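> Pasting the sequence and the predicted coordinates here, then a few questions.
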Amino acid sequence: MQSQIKQAVKETVSKKFGLKNVPDFSVDIPEKSEHGDYACNIAMVLARTLKKNPLEIARIVDMELENWNLKNGLKTEIAPPGFINFFVDTKSLGLVLKEIIKKKEKFGSAAKKKETVIIEYSSPNIAKPMGVHHLRTTIIGQTLVNMYNFLGYKVLAMSFPGDWGTQFGSLIAAYKKWGDAKKFKISPVKEMLNLYVRFSHLAESDETLQEEARLEFRKLEQGNKENRKIWNLFRKESFKDFDRVYKKLNIKIPLVFAESFFEPYLKEIITDAVNKKIAEQGENGSLVIKFKDDTPPLLLQKSDGATLYATRDLAQMKYRVNKWHPSKIIIVVANQQTLYFSQVFKTAEMLGYAKKENLEHVKFGMVLDSTGKKFATREGKLIPLTDVLDEAILRARKVVEKLNSKLSTKEKDRVANIIGIGAVKFFDLSQNRLSDIVFDWDKMLNLKGASAPYVQYSYARIKRVIKKSKIKPSGKIKIELLKEVEELNLLRHLLHFPEVIEYSALKYEPNHLAEYLLRLAEKINNFYEKVQVISAEKEIKNARLTLINSAATIIKSGMNLLGIEVVEQM
Ligand code: ARG
């Protein structure tokens, strides 16, 4: 409806005022329901151009739209300084309800589109445990994947793990010196991390070690059997470790193209850059890319001939575009890489691999602890993500125990798992993506606050009411029976679900969907406070049950898009 209104307004003013280009205006969903289901600011926008009073313009536009509104079940009101507020009439709201009942969790999903979008996310680095910083890319990325799928795009969900580069020379050298097979077997990732830290520490003041590392990496690049074998072991153990985290998060990334995959394509990138005169000689025979604006240069090849992260990213882009012709490549990576991606995107465009407008760096802020420092152990070390997730489940278990001690142990465990993981995901997804977020267990699990369990609880409560009513909401209802303000407010909110998903997806901002669900839960609470369900007269009871059952459908669908499950009982 939102986009239809926008289109109708645009056509109307273009005709009425003879405007070839209608300046940009908005059709928003107002916070307060008394401002309508949609509010349009066209009159304020045109007031400047037409040098007319916005209220007068609003009246003219409103009059011109009268027939269209009638046909589309809309009523309008004009509000100062010149808003046109649109109200969807009850009959059309009834149709929305019907559609939710019919389509269930598919309500709001769109038909298959031809466009392919690549969403690259998670992309952890091998030989290190996955840390909280990888949490954000993983869950934001997965939500984008879910939303774009829902909207009908052909989505290629993939990760680009870091498994190549000179640091693996250091690791191989360290492994050869001090590697302990026994320790490695017990906790391989921890051992790899220890070896790497020990080696780089010493290498800081020891040139021979640095040289050794370079040599080992060169041997790895040239296919030396022993080095390949060691590196493969690192890879295998790391991927096993990542999978454990993904399993806990209930996430599957279908396509994995690690950095090493692009190794055979790196020469070609260098040749392209040299032939097209885009790369220049830097210090000691290195190759750099310089930019016309004040962006600092990007190193493409080191003086010893080694390639870099950037070289592999360019290879990745060329490969993706040639193979899949995506209309967008969306890469979900932290804020810290902003400069890097602006360099790489510019270079990709200069090389003719991709157009900048088709490349999107979806960035996000850091995870901080309550004192505002980077979320880490007391010694400043990275906290493995598995530890964080385990703690979430443990804390959720206590919440479940308090809420419903009658559940079986098995059920309690299952619910605690869903609530704990859901709480972590929602906490991240409900906040502004670009801000740093402060990790706060109490907020995350607060049943009365802006949290996943709050939304999950309102779902479970609806299911409980329906069960208690002993009738299955038939869906065949007289919409006129829903006339309390709280009923209508709830119903009106359901109308916006598809628009919110689209908005969230296209802006890469899952927090709008999360906020929508919080407001939905709030509206359900207001409804219970004012409206009787179980004790209502039969027909009204059926109508009310149908309404809340539809709200439950939307909660489930919305939470699933955020990668979060709901439970029937908690
Ligand atoms: N492995 C990198 C890291 O953990 C993230 C990779 C992001 N994707 C990319 N195409 N560069 O920092």
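Yep, it's here. Not measured: the values here are computed from a predicted model. Numbering: from 1, shown residues only.
> ok, the closest residue to residue 554 other than its chain neighbours - how many residues close by?
What sits nearest to residue 554 in space, not counting adjacent residues and going by Cβ to Cβ, 6 or more residues apart in numbering, is residue 497, at 5.3 Å. Placement of C-beta: from N, CA and C, glycine included. By the other Cβ atoms under 10 Å criterion, the neighbourhood of residue 497 contains 22 residues.
> got it, and residue 496?
A count of nearby residues for residue 496, using other Cβ under 10 Å, gives 21.
> follow-up on the earlier one: next one: the residue nearest to residue 554 from residue 529, what distance?
Shown here: residue 497 relative to residue 529, a distance of 23 Å by Cβ to Cβ, to the nearest Å.
> can you check residue 315 too?
Taking Cβ to Cβ as the measure, residue 315 and residue 529 are separated by 59 Å.
> Compare neighbour counts for the two and give me the winner.
The residue with more neighbours, out of residue 315 and residue 529, is residue 315; 24 against 8, by other Cβ under 10 Å.
> So which elements touch the helix or strand that the more buried one is a member of?
Counting by DSSP states H and E, the element that carries residue 315 is helix 309-324. Packed against helix 309-324, as judged by 3 or more Cβ pairs under 8 Å, 6 or more residues apart in numbering; DSSP states H and E, are the following elements: strand 116-120, helix 266-275, strand 298-301, strand 328-332, helix 338-350.
> Pop out the phi and psi values for the nearest residue to residue 283 once chain neighbours are set aside.
Ranked by Cβ to Cβ, 6+ apart and with sequence neighbours excluded, the top spatial neighbour of residue 283 is residue 303, at 6.7 Å. When read as degrees, to the nearest 10, the backbone of residue 303 gives phi -70, psi -20.
> Isn't residue 303 up against residue 281?
No - using Cβ atoms under 8 Å, residue 303 is not in contact with residue 281; the gap is 10.0 Å.
> how near is the residue in the stretch 451-570 of the chain positioned nearest to the ligand to residue 6?
Closest approach of the stretch 451-570 of the chain to the ligand (Cβ to the nearest ligand atom) occurs at residue 508, with a separation of 15.1 Å. As judged by Cβ to Cβ, residue 508 and residue 6 stand 21 Å apart.
> quick one: which of the two has more around it?
With other Cβ under 10 Å as the criterion, residue 508 and residue 6 differ in neighbour count, and residue 508 comes out ahead with 21 against 16.
> Quick check: that one touching residue 145?
No - if you go by Cβ under 8 Å, residue 508 and residue 145 don't touch, sitting 11.5 Å apart.
> Could you list which residues are in contact with residue 203?
Residues touching residue 203, when contacts are defined by Cβ atoms under 8 Å, 6 or more residues apart in numbering, comprise 170, 209-210, 213.
> which one of those residues sits closest to residue 199?
Sorting the contacts of residue 203 by how near they are to residue 199, with Cβ to Cβ, puts residue 170 at the top with 5.0 Å.
> Please work out how many residues are found near that closest one.
A total of 25 residues lie near residue 170 under the criterion other Cβ under 10 Å.
> and what of residue 356?
Residue crowding around residue 356 was assessed by other Cβ under 10 Å; the count is 12.
> so it touches residue 345, yeah?
Yes - when contacts are counted by Cβ under 8 Å, residue 356 is listed as touching residue 345 (5.3 Å).
> all strands for the chain, in order.
In the chain, strands defined by DSSP state E lie at 27-28, 38-40, 74-79, 83-88, 116-120, 154-159, 255-256, 279-281, 287-289, 298-301, 328-332, 359-362, 367-368, 437-438, listed in chain order.
> Report the rounded mean pLDDT for the first one.
This means strand 27-28. The average of the pLDDT scores along strand 27-28 is 94.
> Now do that strand: distance to the chain's middle.
Relative to its parent chain, strand 27-28 has a centroid offset of 23 Å by Cα atoms, centre = their mean, to the nearest Å.
> name the helices or strands packed onto that strand?
Judged by 3+ Cβ pairs under 8 Å, 6+ apart, strand 27-28 is in contact with helix 2-16, strand 38-40.
> and this protein, which residues reach the ligand?
With the criterion set to Cβ under 6 Å from any ligand atom, the chain comes near the ligand through 120, 123-125, 160, 162, 313, 331, 333.
> just those residues now: which is nearest residue 101?
residue 120 (37.4 Å).
> doesn't residue 326 make contact with that closest one?
No - no contact is recorded between residue 120 and residue 326 when judged using Cβ under 8 Å, the distance being 10.5 Å.
> and residue 138, how many neighbours?
Here the neighbour count serves as a burial measure; for residue 138 (other Cβ under 10 Å) it reads 26.
> Tell me the pLDDT of it.
Model confidence at residue 138 (pLDDT) stands at 97.
> Verify the stated contact: it with residue 251.
Yes - assessed by Cβ under 8 Å, residue 138 is found in contact with residue 251 at 6.4 Å.
> joint contacts of the two?
If you check residue 138 and residue 251 against Cβ under 8 Å, 6+ apart, the residues they both contact are residue 122.
> Would you mind listing the buried residues in the helix holding residue 315?
310-318, 320-321 (16 or more other Cβ atoms under 10 Å).
> Arrange these in TSV, one row each, with pLDDT as further columns.
Below are the buried residues of helix 309-324 laid out as TSV (pLDDT from 0 to 100):
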residue	pLDDT
310	97
311	97
312	97
313	98
314	98
315	98
316	98
317	98
318	98
320	98
321	98
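> tell me which of those residues is nearest to the ligand?
Proximity of those to the ligand (Cβ to the nearest ligand atom) peaks at residue 313, which lies at 4.9 Å.
> check contacts around the residue nearest to residue 238 when sequence neighbours are not counted.
Spatially, and ignoring its direct neighbours in sequence, residue 238 is nearest to residue 126 (3.7 Å; Cβ to Cβ, 6+ apart). Residue 126 makes contacts with 161-163, 234-235, 238-239, 258, as judged by Cβ under 8 Å, 6+ apart.
> Who wins on neighbours among those?
The most crowded member of these, judged by other Cβ under 10 Å, is residue 238 (23 neighbours).
> from memory that one sits against residue 168, does it?
No - using Cβ under 8 Å, residue 238 is not in contact with residue 168; the gap is 11.3 Å.
> what do the two both touch?
residue 127.
> Now do the closest residue to the ligand within the stretch 301-450 of the chain against residue 254, distance only.
Each residue of the stretch 301-450 of the chain has a distance to the ligand, by Cβ to the nearest ligand atom, and the smallest belongs to residue 333, at 4.4 Å. Note on residue 333: its distance to residue 254, by Cβ to Cβ, is 19 Å.
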